[in-house]
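Participant: output the structure for:
(one chain, ligands or ions: 1)
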Amino acid sequence: MKLVAGNWKMFKGPGETREFCQAFRMPQGVEAVVCPPYLSLAAAVESGQTVFAQNVHWADHGAYTGEVSAPMLLELGVAGAIVGHSERRQYFGESDETVARRTVAALGHDLRVIACVGESLEERESGQMELVLRLQVESICDAIGAHDALTVAYEPVWAIGTGRTATAEQAREAHAFVKSLLDVPVLYGGSVKPDNAAELLSQEDVDGALVGGASLEVESFTAICQAAAGIS
Ligand code: PEP
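Facilitator: Down below sits the predicted model:
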């Protein structure tokens, strides 16, 4: 079964979260999860959705202002967390080392993890895509290896929020490469929309999607989930 995760980034407070979750019906044959901002996690959990956080700290507690730990997420009923999203890497100094630490801590507490990797446009155009992916994936692999609750999201940075998607062939190649390094399910992320979801999701080694912008509306998120459900 494919996994479709909606990364809401810094959109939707508790009120809008409740409205979305009450209106959203997960189609049969797909697993859909929503990833609201921290403040809206409780509202999403109470609405009965499967909920992931957008990040998680590696310590259980401590003097880490602004951070949230795995035990705190578990207490709320959160099922997992995204780690290493390119926006965290780009704007908040996230490194391969901190992504690995977050992954290990979350899995150690029985949270599921979607660990994000992906190359920038400059890296792709200068022929460094495989090197970048190798460094990102191996850092997770060295820290924890393949784990039942671990999923990787391949998100080419140049395709996130840009309306530009990887071609089906680019996605297939990158996913096969990631899986050759770490044998876990791999989601594709980067401007997945209702009109391109079926093609991307039907590629070999594409085990689901991490969706940003199109996960904010019930209609478009549902359409992507339906596309995923129609592909075995
Ligand atoms: C994301 O936030 O992970 C993402 C892929 O965003 P978008 O679908 O908007 O490109």
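Participant: what's the neighbour count on the residue of the chain found nearest the ligand?
Facilitator: Residue nearest to the ligand within the chain: G212 (2.1 Å; Cβ to the nearest ligand atom). All C-beta atoms are positioned from the backbone trio N, CA, C, and that covers glycine. The burial count assigned to G212 is 22, neighbours taken as other Cβ atoms under 10 Å.
Participant: same question, D205
Facilitator: 18.
Participant: check contacts around it.
Facilitator: R172, H175, A176, K179, V186 (Cβ atoms under 8 Å, 6 or more residues apart in numbering).
Participant: which residue sits closest to it, ignoring its sequence neighbours?
Facilitator: H175 (3.8 Å; Cβ to Cβ, 6 or more residues apart in numbering).
Participant: might one say that the one you found is in contact with V184?
Facilitator: No: the criterion here is Cβ atoms under 8 Å, and H175 misses it with V184 at 11.0 Å.
Participant: would you double-check that A81 falls in a strand?
Facilitator: Yes: counting by DSSP: H, G, I helix; E, B strand; the rest coil, A81 falls inside a strand.
Participant: for F11, which non-adjacent residue is closest in space?
Facilitator: L216 (5.7 Å).
Participant: check what pLDDT that neighbour gets.
Facilitator: At L216, the pLDDT value in this model is 98.
Participant: flag every buried residue along stretch 57-76.
Facilitator: H57, W58, E67, V68, S69, A70, M72, L73 (16 or more other Cβ atoms under 10 Å).
Participant: so what pairs up with the closest residue to the third one other than its chain neighbours in the strands?
Facilitator: When you say that, I think you mean E67. Nearest in space to E67, with sequence neighbours left out and distances taken as Cβ to Cβ, 6+ apart, is H57 at 4.0 Å. The partner list for H57 in beta bridges (DSSP bridges) reads S69.
Participant: wait, H57 sits on Y64?
Facilitator: Yes: counting by Cβ under 8 Å, Y64 is a contact partner of H57 at 5.7 Å.
Participant: got a pLDDT number for the residue nearest to D205?
Facilitator: pLDDT, H175: 98.
Participant: in which helix or strand does it reside?
Facilitator: Element membership of H175, judged by DSSP states H and E, is helix 168-181.
Participant: what residues does that helix touch?
Facilitator: For helix 168-181, contacts defined as Cβ under 8 Å, 6+ apart pick out 117, 129-130, 133-134, 137-138, 141, 152, 154, 156, 166, 186, 188, 199-200, 203-206.
Participant: stretch 17-30 too?
Facilitator: Taking Cβ under 8 Å, 6+ apart as the rule, stretch 17-30 contacts 1-4, 12, 32, 34, 36, 40, 43-44, 46-49, 218, 221-222, 225-226, 228-230.
Participant: now, those that are in helices?
Facilitator: In helices, defined here by DSSP state H, the members of the contacts of stretch 17-30 are A43, A44, E46, V218, F221, T222, C225, Q226, A228, A229.
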